[in-house]
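S.K.: sequence and predicted structure below; questions after.
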Amino acid sequence: MNPIPATSEAGTDQTNTYPMDLQEDRLSIEELISKELIDQRLDELSDEIHKFYGNNRPLMIGLLKGAVVFLADLMRRLNWPVEIDFMGASSYRGETSQGTLELTGNCSLPLKNRDLLIVDDILDSGNTLARIDSILSESSPKSIRHCVLLEKERKRSGTVQAEFVGFRIPDVFVVGYGLDYQEKFRNLPYIGKIHIPETVEDK
Ligand code: IMP
Ligand code: MG
């Protein structure tokens, strides 16, 4: 069978390409990690995961919404029939942490005696992963481990550590590849540091 791409007029419009139009928001984004580097690191990360788990097949639990892009790309590099689930966790409004974590959805698959691999976009204060760990522990999984695309170099109070880390970055606010600023920019193909003029921040 030869599938035929269902092209449409909308699909042929080449005007909506990167770089994004940021004029309206008066923001600027400086590329920190290119799409090519992310691709390369994901190849390595999937090797690390294969080596670590061997024939065990962890259930991957993505944290919405930030982990969506990372999880989608990572799981397609794994060599077993991957199972995924999602939890919704939100701790940020704009650029600053709220300090509290809002849970917006829980797993639907059975977790008892499963190896769980939590996948998140970024390890910042560690509050999110600590809270998610304690919730998941109640279901008596066999193990809980963590895979984050980014880890910020900063002090964190808790004991949570990520066993698998894509990149360690300075303590700056980043967007793209799933990460957002006020819900935007998750679709940038690279990771960038966002510059927010004070007048925009104060809005
Ligand atoms: P933590 O609970 O402080 O570790 O924060 C983790 C969550 O905060 C991540 O899953 C992100 O959703 C969000 N977050 C932390 N730093 C950034 C950032 O630089 N850009 C976008 N989101 C961030
Ligand atoms: Mg998040």
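M.R.: Perfect, I can see it now. Ligands and ions are numbered 1, 2, ... in the order given.
S.K.: what is the burial count for the residue lying closest to Ile29 once chain neighbours are set aside?
M.R.: The spatially closest residue to Ile29, leaving aside those adjacent along the chain, is Gly192, at 3.9 Å (C-beta to C-beta, 6 or more residues apart in numbering). C-beta coordinates here come from the backbone N, C-alpha and C atoms, glycine included. Using other C-beta atoms under 10 Å as the criterion, Gly192 is surrounded by 22 other residues.
S.K.: so Gly192 sits in a strand?
M.R.: Yes. Under DSSP: H, G, I helix; E, B strand; the rest coil, Gly192 sits within a strand.
S.K.: which secondary structure elements does the biggest helix by length in the chain contact?
M.R.: Scanning the chain for the helix with the most residues, using DSSP state H, yields helix 35-53. In terms of contacts (3 or more C-beta pairs under 8 Å, 6 or more residues apart in numbering; DSSP states H and E), helix 35-53 is packed against helix 68-75, strand 115-123, strand 143-152, strand 164-169.
S.K.: please look at Ile135 and Leu101 and confirm they touch.
M.R.: No. Contact between Ile135 and Leu101 fails when scored by C-beta atoms under 8 Å: they sit 9.9 Å apart.
S.K.: per-residue pLDDT, Pro3?
M.R.: Here, the pLDDT recorded for Pro3 equals 89.
S.K.: measure it to Asp47 for me?
M.R.: From Pro3 over to Asp47 the distance is 31 Å, taken as C-beta to C-beta, to the nearest Å.
S.K.: ok so, going back, and the helices and strands packed on helix 35-53: which comes nearest ligand 1?
M.R.: With respect to ligand 1, and counting by C-beta to the nearest ligand atom, the nearest of these is strand 115-123 at 4.6 Å.
S.K.: understood, closing this out.
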